[in-house]
Structures are given as C-alpha cells and as structure tokens.
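A.B. asks: Sequence plus the predicted model coming up.
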Amino acid sequence: MRRVLPVLTLGAALVLAGCGASPQTSPGTSAPTPSPDAVHVQPSGDPVEVTTGLTLPWSIARIDAQETLVSQRDDARILSVASDRSPVEVGVVPGVSHGGEGGLLGIAHLAGDGDDAWLYAFITTGDDNRIVRMPYDGDSLGEAEVVLEGIAKAGNHNGGRIAFGPDGMLYATTGDAARPDLSQDPDSLNGKILRMTATGAVPDDNPTAGSLVYSLGHRNPQGIAWDADGQLWAAEFGQNTWDEFNRIEPGANYGWPVVEGITGESGFVDPVLQWATSEASPSGLAFVDGTFFLAALRGERVWAIDIADDGTAGATPWFAGEFGRIRDVTAGPDGSLWFLTNDVDGGDRLMQVALVPVTEG
C-alpha cells in the first residue's frame with residue numbers, strides 16, 4: 001500500500017505526494033535532460049517474497065535473468081538467491097572485519113567469459129575500507145585481489161556502494177569515517193564518490209589528473225544510479241537535519257561539513273531533493289524505466305523519485321512501515337522492482353513488486 005506522507009524541503013515545509021496530487025518538488029542547481037513525454041513507473045499490487053532467511057543483507061547484484069547475488073554484512077557471505085530454492089552460499093569474502101556499520105558492503109558484477117567474470121566487493125578490514133575483486137564462474141568465488149585500499153574506516157560513515165557506470169568505469173561511494181574534515185580534503189579518499197578503471201587505476205578523463213576523486217563534500221553516500229541519459233545521481237545520509245538526493249557532476253563539491261541540505265551557498269551544489277532524516281536515511285538507489293527508487297532505512301519505505309522536464313524532482317513514499325528498514329533496491333525480472341529488508345532482528349527478505357507505467361500529462 002502507498003502511504004500519503006509529506007516530503008520535507010527547505011523552501012516548502014509540507015506538500016503531500018498523494019494519489020491525484022502533484023508530488024513534492026524542490027529546486028536543483030542544474031537540470032537533467034529527460035526525454036519529452038517521459039513515462040515513469042510506480043509499484044502495483046502487494047510485494048511478494050523472492051527469498052527469506054537472509055541475515056543483514058546489504059547489496060544486490062543481478063548476474064543475469066536466472067541468478068542474483070546478495071552480500072551479508074556481518075558474516076561476509078555471498079549468497080546466490082532465487083525464488084524456487086533456498087539461498088546458496090557461493091563464497092565468503094576473506095579479510096572482512098565487521099564492526100558497527102562496517103563489514104561486507106556493496107557488491108558489483110563485471111560480466112565476461114569464463115575466468116573473465118568478476119565479483120567486486122567493498123569491504124571493511126582490520127585496517128581500512130577497500131575494494132577487492134574475485135573471479136566468479138557461476139558456482140563459486142575465486143581468490144580475492146585488491147583493487148583499491150587505504151580508505152579510512154570507522155564504526156559508521158563508511159559509504160560502501162559500488163557500481164559500474166555506462167562508461168565502463170567503477171564508481172564507489174565513501175563516507176567521512178566520522179572525520180568530517182576528510183570530505184573537503186581533495187587528497188583524501190573519504191567523503192567522496194570515486195571513479196576508477198576495473199583494476200583501480202585513475203581514468204585519464206577524471207576531473208583532477210592523477211586523482212580517483214569524482215566528486216567531494218559528501219558525508220555518507222550509499223546509493224548511486226544512472227538515468228537513461230547516463231547522468232549519475234546519488235543518495236546521501238545527512239547528519240540530523242536533511243538527507244539528500246544529488247545530481248552528480250564531475251569535480252563538484254556537495255558541501256559537507258560546511259552545509260547540509262539546500263542552502264544556496266556559493267561554491268557548493270545543492271541537492272535536488274531533501275528529506276528529514278526520519279523520513280529517509282537513504283541507502284540503495286536504482287533507476288527503473290524512467291523512475292528512481294530509493295531504499296530508506298530509518299524511514300522504512302521505498303521512495304519513488306521522478307525528474308520533471310524543468311529539472312525539479314517529485315518523491316512519493318511506498319510501503320511505509322510495512323517491511324521495516326529497506327537497505328537496497330534493484331531492477332527485478334519482467335519489469336519489476338526488488339528490495340532488501342534489513343532489520344537487526346534477522347529474518348530479512350528479498351521482496352519483489354510489479355511496476356506499471358504512468359505517463360505524464
């Protein structure tokens with residue numbers, strides 16, 4: 001069931017995003033360029049279980065139409081899940097040291113033939129946060145090798161989402177590791193969105209020569225996704241006032257810890273949308289058929305976000321309070337949406353809900 005709840009913004013306090021009403025909008029500093037007559041989608045019907053018995057799952061990586069992998073944060077297990085069987089362990093990522101919000105976090109699959117297929121993982125070790133990759137043959141993981149190391153770790157604010165972009169580069173979100181000053185330090189890997197090759201090298205066209213930093217001034221981003229035009233967007237935990245949905249531009253500064261939320265302050269990029277932290281605490285982000293879907297932990301809901309032709313964004317909450325904390329979202333089979341529940345009491349689930357088109361105008 002969709003709940004009609006307010007979206008909070010700095011300029012307009014309470015606007016309902018309900019059935020038959022216009023969703024909340026907020027100004028952005030730069031407008032996306034969606035296609036005219038855009039078609040968006042929204043959930044339809046009740047979500048159903050794909051699999052159960054997961055323990056603190058963190059990330060979903062769809063391999064193909066038949067196979068999906070899920071990471072579990074605390075025990076470092078990678079599970080193969082399907083609707084017609086119980087989860088099957090394909091490996092345990094070595095070197096993971098769970099503590100607080102750290103552990104086995106985001107995963108991403110790089111397709112190939114045979115030994116050329118890799119599973120990437122963002123992990124917390126005894127010394128740092130790092131990205132590793134392991135050959136994956138469809139049955140088990142091979143030996144891990146380091147792609148990037150030396151990202152500062154902490155009990156919280158580790159970031160941890162990784163994904164390959166439409167340009168073939170690997171992107172990673174990193175938190176400030178509870179040291180806000182790192183976010184504004186261009187020489188630090190923390191509080192950033194990083195962009196690298198599949199082997200961890202700096203791409204020639206990164207904003208700063210010799211640097212993996214793609215954008216800076218982030219607190220704890222945990223969601224990244226690209227729209228149909230290849231534009232990168234990110235979701236980010238605020239401190240205690242505003243969570244953010246940002247349009248990411250190469251080399252741009254998103255303000256933390258100097259600013260939080262929409263301020264209009266010169267030198268920083270404002271979010272396109274913001275929420276009170278009680279409404280979101282955003283984690284995974286996915287773009288499916290014209291609509292972004294955002295997993296909310298503290299908010300215990302899935303946000304559907306549509307970008308209008310004028311660059312404003314509207315957000316509508318779905319399933320508020322029905323499934324507990326939501327950690328990740330991804331495109332499911334047959335035009336559906338999948339999402340991971342994430343409650344500390346265990347018994348987490350991978351859920352599926354149908355999506356139906358909604359044409360503007």
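C.D. replies: Here it is on my side, so go on.
A.B. asks: Okay, now the unreliable bits of the stretch 251-361 of the chain?
C.D. replies: 344-346, 360-361 (pLDDT under 70).
A.B. asks: for the closest residue to residue 288 other than its chain neighbours, which residues make a bridge with it?
C.D. replies: Nearest non-adjacent residue to residue 288, counting by C-beta to C-beta, 6 or more residues apart in numbering: residue 331, 4.7 Å away. (C-beta placed from N, C-alpha, C; glycine too.) Residue 331 has these beta-bridge partners by DSSP bridges: residue 337.
A.B. asks: Might one say that residue 331 is in contact with residue 353?
C.D. replies: No: judged on C-beta atoms under 8 Å, residue 331 makes no contact with residue 353 at a distance of 11.8 Å.
A.B. asks: list residues touching both of the two?
C.D. replies: residue 337 (C-beta atoms under 8 Å, 6 or more residues apart in numbering).
A.B. asks: before we move on, back to that, residues in contact with the residue nearest to residue 288?
C.D. replies: Per C-beta under 8 Å, 6+ apart, neighbours of residue 331: 62, 286, 288, 337-338.
A.B. asks: Distance of it relative to residue 290?
C.D. replies: 12 Å (C-beta to C-beta, to the nearest Å).
A.B. asks: so what sits against both of these two?
C.D. replies: By C-beta under 8 Å, 6+ apart, no residue touches both residue 331 and residue 290.
A.B. asks: and the gap between residue 181 and residue 157?
C.D. replies: 13 Å.
A.B. asks: Spit out the residues that contact the two alike.
C.D. replies: By C-beta under 8 Å, 6+ apart, no residue touches both residue 181 and residue 157.
A.B. asks: Of the two, give the one with the bigger neighbour count.
C.D. replies: residue 157 (28 against 11; other C-beta atoms under 10 Å).
A.B. asks: Chain neighbours aside, what residue packs nearest to the more buried one?
C.D. replies: Using C-beta to C-beta, 6+ apart, the nearest residue to residue 157 is residue 175, at 3.5 Å.
A.B. asks: Could you look up the SS state of the one you found?
C.D. replies: coil (DSSP: H, G, I helix; E, B strand; the rest coil).
A.B. asks: mind listing what the most centrally placed residue in the chain touches?
C.D. replies: Centroid-nearest residue in the chain: residue 223, 1.9 Å away (criterion: C-alpha atoms, centre = their mean). Residue 223 makes contact with 161, 173, 234-236, 282-285, 294-295, according to C-beta under 8 Å, 6+ apart.
A.B. asks: can you pull up the bridge partners for it?
C.D. replies: Going by DSSP bridges, residue 223 forms beta bridges with residue 235.
A.B. asks: now it: how far from residue 284?
C.D. replies: 5 Å.
A.B. asks: show me where pLDDT drops low in the stretch 1-150 of the chain?
C.D. replies: Those would be 1-38, 113-115, if you go by pLDDT under 70 across the stretch 1-150 of the chain.
A.B. asks: one more time with 50
C.D. replies: Applying pLDDT under 50 to the stretch 1-150 of the chain flags residues 1-38.
A.B. asks: how about the strands of it, start to end?
C.D. replies: 6-7, 15-16, 39-54, 57-62, 68-72, 77-82, 85-92, 104-110, 118-124, 129-135, 145-151 (DSSP state E, counting those that start in this stretch).
A.B. asks: for residue 159, helix, strand, or coil?
C.D. replies: Quick answer, by three-state DSSP: residue 159 is coil.
A.B. asks: So for it, what's the pLDDT?
C.D. replies: Looking at residue 159, its pLDDT is 97.
A.B. asks: Out of the strands of the stretch 1-150 of the chain, which is closest to residue 273?
C.D. replies: strand 6-7 (7.3 Å; C-beta to C-beta).
A.B. asks: quick one: average pLDDT of stretch 178-189?
C.D. replies: 98.
A.B. asks: what sits up against it?
C.D. replies: 148, 150-152, 154-157, 174, 176, 190-192, 208, 211-213, 216-219, 253, 256-258.
A.B. asks: quick one: terminal-to-terminal distance for it?
C.D. replies: Using C-alpha to C-alpha, to the nearest Å, the end-to-end distance of stretch 178-189 comes out at 13 Å.
A.B. asks: How far does it sit from its chain's centre?
C.D. replies: Averaging C-alpha positions (C-alpha atoms, centre = their mean, to the nearest Å) puts stretch 178-189 20 Å from its chain's average.
A.B. asks: Could I get the buried residue list for that stretch?
C.D. replies: 178-180, 182-184, 188-189 (16 or more other C-beta atoms under 10 Å).
A.B. asks: cool, stretch 237-256 as well?
C.D. replies: 237-238, 242-249, 252-256.
A.B. asks: And stretch 109-124, by the same measure?
C.D. replies: Buried residues in stretch 109-124 (16+ other C-beta under 10 Å): 109-110, 117-124.
A.B. asks: Then stretch 69-84?
C.D. replies: 69-73, 76-81.
A.B. asks: hmm, who's touching the host helix or strand of residue 283?
C.D. replies: In this structure, residue 283 sits in strand 282-288 according to DSSP states H and E. If you take C-beta under 8 Å, 6+ apart as the criterion, strand 282-288 is touched by 41, 59-60, 161, 222-228, 233-237, 243, 245, 275, 292-297, 299, 303, 326-331, 335, 337, 339-340, 342, 355.
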